[in-house]
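Give me a 3D structure for the following:
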Amino acid sequence: MVWEYSEKTKQLFMDAVHGKPGTHLGEIEDPDGLGEHGSITCGDAMRFTFRVERHPTDPTKDVITAARYLTFGCTSAIAASEALCALIEQGRYTPIEALKVTNQDIVDYLGGLPEQKIHCSVMGAEALEAAVFNWAQRRGVDLQELGVDIHPDEQEDGRVVCKCFSLTEPYLRRKIKELNLRTIPEVTNAVKAGGACMSCHHTPGGLQDLLDDIWGKDPMLLPLLPVRAMSGDAETAALPAGEPLGLGLSPYQFSKQVEKVIDGYARPQLNRDGGDVEIVDIKDNLVYCRFIGACAACAAAAQTLKLLIETPLKEHIDQRIRVIQV
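The predicted structure is shown next:
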């Protein structure tokens, strides 16, 4: 699947991966607020940290002066995290004011996101909420007394509906209402629930039952039969013999697409630092690469391989691609 990203989304991603001054990829040491959302096991995860300028007498007047993130995810996850940090720093918000930044604000800042990638903006907003809760605990601020409810116990308390992504009923009910989600595909795009094995779609107490309970059952709606989900090991192992990659591309076409994406995304950034990458071999979904020039001895080679080469290949050709350094 080739995602259509805005130019701003692509530029933010490239700047972040390249470590351009003014970007926010990283972590604040001893932060005033720290929050996490998602899970490495489900493919998207974010850690959000911020530092405040402390008010001498009233902690609710603390002002966020710096925000940083670490994320394990795709182009849109990185760009959305950049957008979140920029919005907060530019606004000089207090932590409580920062909660007004919504996933829609992030999408608007990026100039739009594909529907299937909206969950990346939701992930940032949820990580921000967790960080503000952490700040409040450290500073002795009673959020409940201020009328702020950021649902700190939602994932711990409540029945798990989507086992693949460990999403509970209270969390899903809140997001369905907040984001006005009306169908299972909309829920999956927004929070990833039901996006893996899909067994929670129509099971009793599953996604469709939650939607019916919240919005009312549509008598004209017929149950959808789930298609075969991709194996959880698909990104870390070679494909079965004969299984096509990249929407049915031939091996030659697939290799040309790999070269095209690397030439358009990775190579210009590597060349700028006096380095380059060489494609050594391609076998099924495995792309073997070698860094050359200044990049050959780079201490951040593993991160560069993941963010600058593997992520664009997955985004533009096939999610099952795995890049291996040789």
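
Next SSE downstream of the helix of greatest length in the chain?
In the chain, with assignment by DSSP state H, the single longest helix is helix 118-139. Remark: after helix 118-139, the chain's next helix or strand is strand 160-162, criterion DSSP states H and E.

Roughly how far does Thr102 sit from Ala297?
According to C-beta to C-beta, to the nearest Å, Thr102 stands 44 Å off from Ala297. Glycine gets a C-beta too; all of them are placed from N, C-alpha and C.

typed the wrong thing, it's Lys117
Taking C-beta to C-beta, one finds Lys117 at 35 Å from Ala297.

Between these two, tell me which one has more neighbours.
Lys117 (23 against 9; other C-beta atoms under 10 Å).

The nearest residue to the more buried one once chain neighbours are set aside sits in which helix or strand?
Spatial nearest neighbour of Lys117, excluding adjacent residues (C-beta to C-beta, 6 or more residues apart in numbering): Ser76 at 4.1 Å. Per DSSP H and E, Ser76 falls inside helix 75-91.

cool, Ala67 as well?
Counting by DSSP H and E, Ala67 is part of strand 63-72.

Which other helices and strands does that strand contact?
strand 44-53, helix 75-91, helix 118-139 (3 or more C-beta pairs under 8 Å, 6 or more residues apart in numbering; DSSP states H and E).

Ok, which of the ones you listed comes nearest Asp281?
Closest to Asp281 of the helices and strands packed on strand 63-72 is helix 75-91 (C-beta to C-beta; 25.2 Å).

Flag every buried residue along the closest one.
75-89 (16 or more other C-beta atoms under 10 Å).

Look up the pLDDT of the spatially most central residue of the chain for me, please.
Among the residues of the chain, the one closest to the centroid is Ala77, at 3.3 Å (C-alpha atoms, centre = their mean). In this model, Ala77 is scored at 86, pLDDT.

Give me the contact list for the strand holding Ala67.
24-28, 38, 40, 43-53, 55, 77-78, 81-82, 84-85, 88-89, 92-95, 98, 123-124, 127 (C-beta atoms under 8 Å, 6 or more residues apart in numbering).
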